[in-house]
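J.: Sharing a model that was predicted from the sequence below.
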Amino acid sequence: MERHHDSATVSIAEIRSLLKEVNDPEVPVLSILDLGIVRDIKVDGDKVEVVITPTYSGCPAMDMIRTEIGAALGRHGYGNVRITTVLSPAWTTEWMSQEGKDKLKAYGIAPPNPLQQVCHVRPFQREEAVQCPHCHSYHTRLISEFGSTACKALYRCEDCKEPFDYFKCH
């Protein structure tokens, strides 16, 4: 049975809490809040608008994320929900929560470095110093600019020899 909420009962904090149930389909240990793609939550009477920004403009997971946001809020009686996608400003890994970055590392994906952290490998070429999420070594090597998804790169640890995804900075 659908409950109808009025402005007295709808709170942004409640909506934010419910959005913790919505995970990224490509990295299921991350909620969309951990990922930082929820840009705004607006409430007007019984109307709820969730504003999201994709990690990449062509991210194939966004349709599923929109569906899951609507379903999560619908399960809790919110029937008048609009999900708006905004492309500007572009999403950046700086919007990810520290908890999200910690979850990535525990899951075996190297979290993004701060944007300014790079090491100089060759003249005129800068490469990020990426820590292995398995053995914590920085003795790692880029294998491919694209890992299991476009937002990740594939690395290999030269110490433990394990391949791993790195959530690219941008």
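T.: Nice, I can see it.
J.: If we go by neighbour counts, what in the longest helix along the chain is buried?
T.: When the chain is parsed with DSSP state H, its longest helix is helix 62-75. Neighbour counts over helix 62-75 (16 or more other Cβ atoms under 10 Å) mark M62, I65, R66, E68, I69, G70, A72, L73 as buried. C-betas here are computed from N, CA, C, even on glycine.
J.: next one: stretch 39-54
T.: Residues of stretch 39-54 classed as buried: I41, V43, D46, V48, V50, I52, T53, P54 (neighbour count, 16+ other Cβ under 10 Å).
J.: is it possible to export those to CSV including pLDDT?
T.: Converted to CSV, the buried residues of stretch 39-54 look like this (pLDDT from 0 to 100):
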residue, pLDDT
I41, 97
V43, 93
D46, 86
V48, 95
V50, 98
I52, 97
T53, 95
P54, 93
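J.: Sort out for me which of those residues are in strands.
T.: Judged by DSSP state E, strands contain the following of the buried residues of stretch 39-54: I41, V43, V48, V50, I52.
J.: Save the residues you listed as JSON lines, and put in distance to C135 too.
T.: Output for these, formatted as JSON lines (distance: Cβ to Cβ, whole Å):
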{"residue": "I41", "distance to C135": "40"}
{"residue": "V43", "distance to C135": "46"}
{"residue": "V48", "distance to C135": "44"}
{"residue": "V50", "distance to C135": "39"}
{"residue": "I52", "distance to C135": "35"}
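J.: Could you find which two of those residues are furthest from each other?
T.: Spanning the widest gap among these are V43 and I52, at 15.9 Å by Cβ to Cβ.
J.: just the strands in the protein please.
T.: Counting by DSSP E, the chain has strands at residues 38-44, 47-52, 81-85, 119-122, 125-127, 140-144, 152-157, 163-167.
J.: Where does the prediction get shaky in this structure?
T.: For the chain, applying pLDDT under 70 flags the ranges 1-9, 114-127, 170.
J.: Map the structural domains onto the sequence of the protein.
T.: Per automatic domain parsing, the domain ranges recorded for the chain read 12-91, 98-167.
J.: next one: the last one to chain centre, how far?
T.: Put simply, domain 98-167 sits 16 Å off its chain's centre (Cα atoms, centre = their mean, to the nearest Å).
J.: measure it end to end?
T.: One end of domain 98-167 to the other measures 14 Å (Cα to Cα, to the nearest Å).
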